[in-house]
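Student: Give me coordinates for this.
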Amino acid sequence: MNEDSAHFPPVDPVKTGLKGCCPRCGQGKLFNGLLALRPRCSACGLDYAFADAGDGPAVFVILIVGFIIIGSVLWLEVNYAPPIWLHILLFGPLTIILSLFALRWCKGILIAMQYRHNAREGRISRD
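Tutor: Residues are numbered from 1 along each chain as shown. Model (predicted):
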């Protein structure tokens, strides 16, 4: 990532990531659709080529959503003991919906943190 020479006031990476906005100006959109990144910010022109969240968002989503869903399944089973089809009917769609929204939020936050801290791919110098 090239050094950023534009002068913008710092934005909160968590708020910016949750809203899916540009990590530099906080105005333009980060996503094109549900999870695909735009090529650049429409407001300030920041090139999103630096953005690579990798598998980080997926790991966070698996751990957080898995904890919520499994905890809810166990609580419902212990307290009410419904048939298995009701578990599938309730928690199947809930898992998918929570995972998609949480994946977008986590990806936005990690990209905003990556920009804020000027994170780059690790390289070993062989000079």
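Student: going forward, measure contacts between C-alpha atoms and count neighbours the same way
Tutor: Fine.
Student: Any stretches of the chain with poor pLDDT?
Tutor: 1-6, 122-127 (pLDDT under 70).
Student: Counting by contacts, list what the helix ranked longest in it packs against.
Tutor: Among the segments of the chain that qualify as a helix by DSSP state H, the longest is helix 84-116. Contacts defined by 3 or more Cα pairs under 8 Å, 6 or more residues apart in numbering; DSSP states H and E place helix 84-116 against helix 13-19, helix 56-80.
Student: and those, which is most packed in?
Tutor: By mean neighbour count, with neighbours taken as mean count of other Cα atoms under 10 Å, helix 13-19 ranks first of these at a mean of 20.
Student: Quick one: the helices and strands packed on helix 84-116 as JSON lines, columns for distance to residue 42 too.
Tutor: Output for the helices and strands packed on helix 84-116, formatted as JSON lines (distance: least, Cα to Cα, whole Å):
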{"stretch": "helix 13-19", "distance to residue 42": "15"}
{"stretch": "helix 56-80", "distance to residue 42": "24"}
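Student: Of these, which is nearest residue 40?
Tutor: helix 13-19 (15.5 Å; Cα to Cα).
Student: Can you pull out the residues in contact with the closest one?
Tutor: 22-23, 26, 104-113, 116 (Cα atoms under 8 Å, 6 or more residues apart in numbering).
Student: what's the farthest-apart pair in those?
Tutor: 104 and 116 (18.2 Å).
Student: ok, these two, which is more surrounded?
Tutor: Each of residue 104 and residue 116 has its neighbours counted (other Cα atoms under 10 Å); residue 104 has more, 21 against 15.
Student: just to revisit the earlier point, quick one, which of the contacts of helix 13-19 are buried?
Tutor: For the contacts of helix 13-19, a burial check counting by 16 or more other Cα atoms under 10 Å picks out 22-23, 26, 104-113.
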